[in-house]
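J.: This is the structure alone, sequence omitted:
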């Protein structure tokens, strides 16, 4: 197991309010890591600090290191844009751009210079949509607006456009919570497929989902990382009482 | 902000510098647009103020006049010729009245500050003047001797329009504006509020209501000059309302103000929570009783704010008033709703078309008065809104 | 006893309701009043003058209409001509100049306020810009005639070009300044209503701020921006005082912005402020021009509504 992302003593404040306390964690390549915990425990904040989305919050202040492939993404000589290209993110609410399905996928790779306009780009769009398991549904209407798709299709389109920029890590912030059970099943199957090529970190509220798909699970409470281990161990034999209480549904 | 980007790491994306530069340039465009529009505003205000300030003072010359019976009869003869060409005709014309009021002056010599005419005044203010060279040097000499003083121009605030520039004032226009606005508001506010009450509280949700709502929105987008055509064709030609009168102008502007008042009153009524109405109905009150006693008082601040904003807009409106003839030459403040009047923006328009240079500063000064009134009204509206802002 | 007081109460209630309905109808009556008064007088006008000549003729020479009744022989007098094309052209040209000023400045201002400025700065800039919208148009007219026109004449003189003191450029630029806040305020509102989630999606793909604005934010806000621009256009077409004071009376069919031009509203004012009898063709021509103005602004309103609806359908933007 290779460590892909090494987080070292990460602290984060919103104004004077400390949201993350000394988080240190190793995230592994080609694995799915689930972040669980009650609302407001800092798991989403933690996820967003892995691709510097917290930079957008004016009051946020960060301390500590997030080392990806041996390089701290908070180093001054790294551009935030390139961080987000390497570490993609899928959101809770599907958010396709108000553009065609094709443009949704193609725009970022073209900007990043991954492909040039033309057949290369067409191929990339096709392969990304195939990887996201949505190609068969949209191949005849690539020029239709992305917003015309159903919620579950939109979410897979968002995954496709994330894959298209060829990231190493994909962050997912409760990717199925806005979707129906059938769409959720498709996305879960997709995540299991994607972990063969990517490092996946997902936030979830759904214990069963974590148990079904995650290789490792991290339990957050009040901005602290309480327990982190292989999913099986966390669910079957948690070391701490608090973890057990949460998993068995006594709070949260 | 960022230090130099390190190319020797696996995060580097080709063209990143170029893209960042484009992003910065885009931000710069946006910033310069704001700076540009703000400097338009600043330049505009400074320009008007600079042009208008001189109008608030006018030059007078100190002269001694020995007064006898003859002076009262022929005021134009009291001064030497070269002096009388510099003193305002308006001042000379009013001189006999002065003497009438002070019979004890006859047979004595009195000292007066005589108002200079506009050409002399403009020369002393350093603008172009049509005066002859010898007149200019005479003025210079008088100035040297300390016989010329710039005094506060009370005329501007207390007289009406005049063909003698130094005697022209804004007072008749202010009175005309007040009367016209009285007509406008006493029509537009009740009709507007009643319309809003009907649409918000009584109207069933049907086609007819929708037509009224769409129509109100549409009315707000109709060019103001077309309201003038309506005023001319219907109020003046059909109903025989006197042309140029505050009544004709006020009625025309009332129709223009309606959409603003209706929309803001509707918003105010909507913001009153349903629980207030239900409480009223629970006491067995009728719809109108609930509206009148419970809903309208709570909506009052919103209605008031909307009305003030509508008032400010109507007060600055010119085009429809020109069409209904409110650009008449009005030397005396209007006393009835049916006689010819002018309003502040119309007076500004008339003065701006006068050939004499002295009217330019008057125009700018009139603009300053109008803008002061409008800005005060808007400020009051904002303060009222803040004061009564209730979060339900 | 109870019964009769209840009856009275119901009577009052329905009486009040009818008064309220009447008030609500006044706004409808106003629209129809405008429409009918304009159409009525326009029909008079078109009974005398050809509607085709009016809409497609390029010669506007109404003054000769007065001479026809005088002692001069009819054969000496050229008949009055009411070809309004140069007037329409001038109106659209000045509107075009105004929009060329107002759209970029207004839109970029809106982008700055909603995307770059802090809430505090935005709360200062926005009301300040709206002061521009509260200034009476007669004041803009004065500014255009006294300050902007001479400045432009001097400016172009240094390049060896001759600009008129009543050039389309001067009137158009000042009109554009007046329209900036219409565009900026409305666009700022719609840009602000674009969900944050949408922006985050683009940023998370490694797009920078400008790319996100151009690719995601502006397309989402487009229907609102188009509506704002159309509103600005209809304001510009119907604007009167600026052009009366800073544009010309002379119908002039030209593409040179430095020449003087006239507009529909100028001609309406010119025709109606004189002392000629109400029944003359010249006076009536004001109503025919007013009819065109009414129809065009009405069409723009409808187009704006339809555009918004179509974009709504396409992008399912719920908060517009």
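T.: Looks like it came in fine. Just so it is clear, the model here is predicted, and its values are computed rather than measured.

J.: would you list every one of the helices in the stretch 1-150 of chain C?
T.: Along the stretch 1-150 of chain C, the stretches classed as helices by DSSP state H, counting those that start in this stretch are C:2-48, C:51-56, C:64-67, C:85-111, C:119-134, C:137-143, C:149-158.

J.: looking at the ones you listed, which is buried most?
T.: Most buried of the helices of the stretch 1-150 of chain C by mean neighbour count (mean count of other C-beta atoms under 10 Å in any protein chain shown) is helix C:137-143; its value is a mean of 27. Yep, even glycine has a C-beta here, placed from its N, CA and C like the rest.

J.: Of the helices of the stretch 1-150 of chain C, give the one that comes closest to chain A.
T.: The stretch from the helices of the stretch 1-150 of chain C with the least distance to chain A (C-beta to the nearest C-beta) is helix C:119-134; that distance is 9.5 Å.

J.: Tell me if the closest one is near chain A.
T.: No. Applying C-beta under 8 Å from any C-beta of the partner chain, one finds helix C:119-134 out of contact with chain A, separated by at least 9.5 Å.

J.: returning to what we had before: in JSON lines, list the helices of the stretch 1-150 of chain C along with distance to residue B:266 and mean pLDDT.
T.: Formatted as JSON lines, the helices of the stretch 1-150 of chain C follow (distance: least, C-beta to C-beta, whole Å; pLDDT from 0 to 100):
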{"stretch": "helix C:2-48", "distance to residue B:266": "11", "mean pLDDT": "88"}
{"stretch": "helix C:51-56", "distance to residue B:266": "39", "mean pLDDT": "90"}
{"stretch": "helix C:64-67", "distance to residue B:266": "47", "mean pLDDT": "51"}
{"stretch": "helix C:85-111", "distance to residue B:266": "26", "mean pLDDT": "96"}
{"stretch": "helix C:119-134", "distance to residue B:266": "21", "mean pLDDT": "90"}
{"stretch": "helix C:137-143", "distance to residue B:266": "27", "mean pLDDT": "95"}
{"stretch": "helix C:149-158", "distance to residue B:266": "42", "mean pLDDT": "94"}
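
J.: could you dump those helices to TSV with distance to residue C:227?
T.: Written out in TSV, the entries for these read as follows (distance: least, C-beta to C-beta, whole Å):
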stretch	distance to residue C:227
helix C:2-48	21
helix C:51-56	28
helix C:64-67	42
helix C:85-111	13
helix C:119-134	16
helix C:137-143	22
helix C:149-158	32
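
J.: Now tell me what touches stretch A:8-22 from outside.
T.: Applying C-beta atoms under 8 Å, 6 or more residues apart in numbering or on different chains, the set of residues contacting stretch A:8-22 from outside is A:23-24, A:42, A:45-46, A:49, A:54, A:57, A:59-67, A:223-224.

J.: Any idea how many residues pack against the closest residue to chain A within the stretch 101-250 of chain C?
T.: Among the residues of the stretch 101-250 of chain C, residue C:206 lies closest to chain A, at 3.3 Å counting by C-beta to the nearest C-beta. Summarising burial for residue C:206: neighbours were counted as other C-beta atoms under 10 Å in any protein chain shown, giving 27.

J.: quick one, what contacts it?
T.: When contacts are counted by C-beta under 8 Å, 6+ apart, residue C:206 touches A:81, A:82, A:83, A:84, A:85, A:86, A:108, A:111, A:112, A:165, B:13.

J.: try residue A:92
T.: When contacts are taken as C-beta under 8 Å, 6+ apart, residue A:92 is in contact with A:173, A:174, A:175, A:177, A:178.

J.: Tell me the bridge partners for the first one.
T.: Same thing as residue A:173. For residue A:173, the beta-bridge partners under DSSP bridges are residue A:203.

J.: Tell me, how many residues neighbour the nearest residue to residue A:42 once chain neighbours are set aside?
T.: On the basis of C-beta to C-beta, 6 or more residues apart in numbering or on different chains, the spatially nearest residue to residue A:42 that is not a chain neighbour turns out to be residue A:223, at 4.1 Å. For residue A:223, the count of nearby residues is 21 (other C-beta under 10 Å).

J.: And residue A:223, how close does it get to chain C?
T.: When distance is defined by C-beta to the nearest C-beta, to the nearest Å, residue A:223 is 22 Å away from chain C.

J.: could you say which helix or strand contains residue B:285?
T.: Residue B:285 belongs to no helix or strand when assigned by DSSP states H and E.

J.: Can you classify the closest residue to residue B:163 other than its chain neighbours by secondary structure?
T.: Nearest non-adjacent residue to residue B:163, counting by C-beta to C-beta, 6+ apart: residue B:329, 7.9 Å away. With DSSP: H, G, I helix; E, B strand; the rest coil as the basis, residue B:329 sits in coil.

J.: Correct me if wrong: residue B:329 contacts residue B:168.
T.: No. Using C-beta atoms under 8 Å as the test, residue B:329 is too far from residue B:168 to be in contact (10.5 Å).

J.: In terms of neighbours, single out the busier of the two.
T.: Neighbours of residue B:329 and residue B:168, each counted by other C-beta under 10 Å, are more numerous for residue B:168; the result is 27 against 12.

J.: what's the spacing between the nearest residue to the more buried one once chain neighbours are set aside and residue A:67?
T.: Counting by C-beta to C-beta, 6+ apart, residue B:168 lies nearest to residue B:162, which is 4.2 Å off, once chain neighbours are set aside. As defined by C-beta to C-beta, to the nearest Å, residue B:162 lies at a distance of 84 Å from residue A:67.

J.: cool, residue C:36 as well?
T.: Residue C:36 is 78 Å from residue A:67, by C-beta to C-beta.

J.: and if you look at residue A:81?
T.: 19 Å.

J.: who's more crowded, the two?
T.: The residue with more neighbours, out of residue A:81 and residue A:67, is residue A:81; 24 against 17, by other C-beta under 10 Å.

J.: longest helix anywhere in chain B?
T.: Across chain B, the longest stretch assigned as helix under DSSP state H is helix B:16-52.
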